[in-house]
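Sequence and computational prediction follow.
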Amino acid sequence: MQTAALRRSGVIESHPKVSKLVVTEGKRSANPNIESLHERRVTYRRLIAGILMTVVVSIAAKMMLPERCFDALRSISTLMLFAGACAGFGGATYLFARFVLTCELRHLVLATAFTVIGGGLGLQLVVNMRTPGSSSAGWVSSAAWTISGILFASSAYANTTCKASSRRAAFVQSLIACLLVLLCPLIALPYVIDGSLSAYLATAANQSLPFMTAGIFAKLAAVMLYLIALVGFRRRTNTHNDRMAGMLCFSFVPLLVSLVFRLASEVQFDDWWTISSALQSLSWFVLMSGFCIENAIMQREGQDRLQELDALHQVSWSVVGTGTLHDLLDLYARTHQEQLGVKVAAVYLADEAGENLELFAIRGPADCPGTIGKKYPVISANRWPGFHTGHTAKAFLSQEVQVVNDVFVDVEFIPWRMVAADDGCAVSLPLVTRDKPIGVVNLYFEDSKQLTRQRLRLLTIIAGAAAPAIASAMEKKNTEEWTSDLDMAA
């Protein structure tokens, strides 16, 4: 209530450069929606810019490239279809494995969508080889894109998890899921074996007006479905920090443009169809490259998690067996510097009234300012900028983690020379126990990329674990001082 009153009175002003990680009931939980300092969200502006750039480049290529270039693309159309089919089945294998491991239904739907694409492009390849030069055989891939669009749009908004209750149930579930994923290739298999079936459908597509009309509506539906899926994956990327959804967003940019060009194509193998096939190949390249990058990032993050767990272990032991409160806080700050790559670590503790913060420990370069024992006011009627308007005071009064992207705006314990040399950031973590703030831990990273979501989550966990030990040491110190005063008075 005091903090709210100060905010209304203007003593505590909002800071546009500060992002907050809410602390509730003395428990620190990293908000998955917070944007780290080096990560950027998938925004509509980027997607729209990518779509427009792809459209402009494609139309310019159609107008400026000579006809021999399109002849060369048509000559490798078989290779492009084969690469698309392989990419579809490869993506399906990866996503099916993720479904088995996580039991998330969206991974199963995505795996089915990729097998639909792989099976459809594979069947389209077979049909083109049996009827070379046919101008009406594109119905196979059109149907595949439409069906896969339905599945992609469904997976973008699916949040169901189906965990089996036993090992036997898990095996049965995986078997049923495998059959569902392979359903489209199994349906297409008779048309691959018996060439008369595909020839009959190709003839119907060429002579039947309803069939041709349905094909046009299918192409239009595919564009709309992939647009819906793009919006859904964009939202999932920003709300769930889902990197795979972000990769699908970027791969859908050329794919969506290719489907629009496919809609403008009158017959197979014309210029618009050729550009569409080239854009689809670009989409597969973006998607497969994204999968490789994601695996590399996940491997790096796994190594970082091991290092951070070791750091958590070291910090946990640092608060055990220390002597005085100053020894505890000095070791606490030093462990942050040595184990977590922090360049400057400072620990402030509040007085009994909660009106001042005293610097108890600081670790950093020799020229780092800060006098042990100096007190700073956190509440002041002075409207001029000072410690009471900085991120440390905000973290203490609001009990919220403060992350400062631009340390030039709000520097309290970092030398200007250091700030000018680094591309750093600062974070203030409140020490809260029993719903009461007892102090603040200030950390400065010389490189803003060091402060990832996972690192911020680890720092909040460490601060939450250390707060009770620090509070106990403070009570012990106060008790000893009170006993000493009694002895002297006696």
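That came through, no problem. Numbering: from 1, shown residues only.

Output the below-cut-off pLDDT ranges for the stretch 301-450 of the chain.
Within the stretch 301-450 of the chain, the stretches falling below the threshold (pLDDT under 70) are 315-323, 366-370, 406-421.

ok, now with 90
301-346, 351-356, 358-395, 397-427, 433-436, 444-450 (pLDDT under 90).

Show me where it has its strands.
All strands of the stretch 301-450 of the chain, identified by DSSP state E, counting those that start in this stretch, fall at 344-350, 356-363, 375-377, 401-404, 425-433, 436-445.

Looking at the ones you listed, spot the one closest to Arg168.
Proximity to Arg168 (CB to CB) singles out strand 401-404 among the strands of the stretch 301-450 of the chain, at 45.6 Å. All C-beta atoms are positioned from the backbone trio N, CA, C, and that covers glycine.

what's the closest one packed up against?
Using 3 or more CB pairs under 8 Å, 6 or more residues apart in numbering; DSSP states H and E, the elements in contact with strand 401-404 are strand 18-21, helix 391-398, strand 425-433, helix 453-489.

so can I have CSV of the strands of the stretch 301-450 of the chain showing mean neighbour count and distance to Ser251?
Converted to CSV, the strands of the stretch 301-450 of the chain look like this (neighbours: other CB atoms under 10 Å; distance: least, CB to CB, whole Å):
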stretch, mean neighbour count, distance to Ser251
strand 344-350, 25, 42
strand 356-363, 21, 46
strand 375-377, 15, 51
strand 401-404, 26, 31
strand 425-433, 24, 32
strand 436-445, 23, 33
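
can you list these in TSV and add distance to Asn241?
Listed next are those as TSV, based on distance: least, CB to CB, whole Å:
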stretch	distance to Asn241
strand 344-350	27
strand 356-363	32
strand 375-377	36
strand 401-404	16
strand 425-433	19
strand 436-445	20
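
Between the ones you listed, which one is closest to Ala469.
Among those, strand 425-433 sits nearest to Ala469 (CB to CB), with 9.3 Å.

what about that closest one, distance to the chain center?
Remark: strand 425-433 is offset 23 Å from the chain centroid, using CA atoms, centre = their mean, to the nearest Å.

Please apply the same query to stretch 124-133.
Distance of stretch 124-133 from the chain centroid (CA atoms, centre = their mean) equals 41 Å.

can you tell me the average pLDDT over that stretch?
For stretch 124-133, mean pLDDT rounds to 74.

Check stretch 230-250 too.
Rounded mean pLDDT across stretch 230-250 is 88.

Could you check that stretch and say which residues are buried?
230-238, 241-250 (16 or more other CB atoms under 10 Å).

and if you look at stretch 171-185?
Gln173, Ser174, Ala177, Val181, Leu182, Cys184, Pro185.

Going by distance to Ile147, which of those wins?
The closest of the buried residues of stretch 171-185, once distances to Ile147 are taken by CB to CB, is Cys184, at 7.4 Å.
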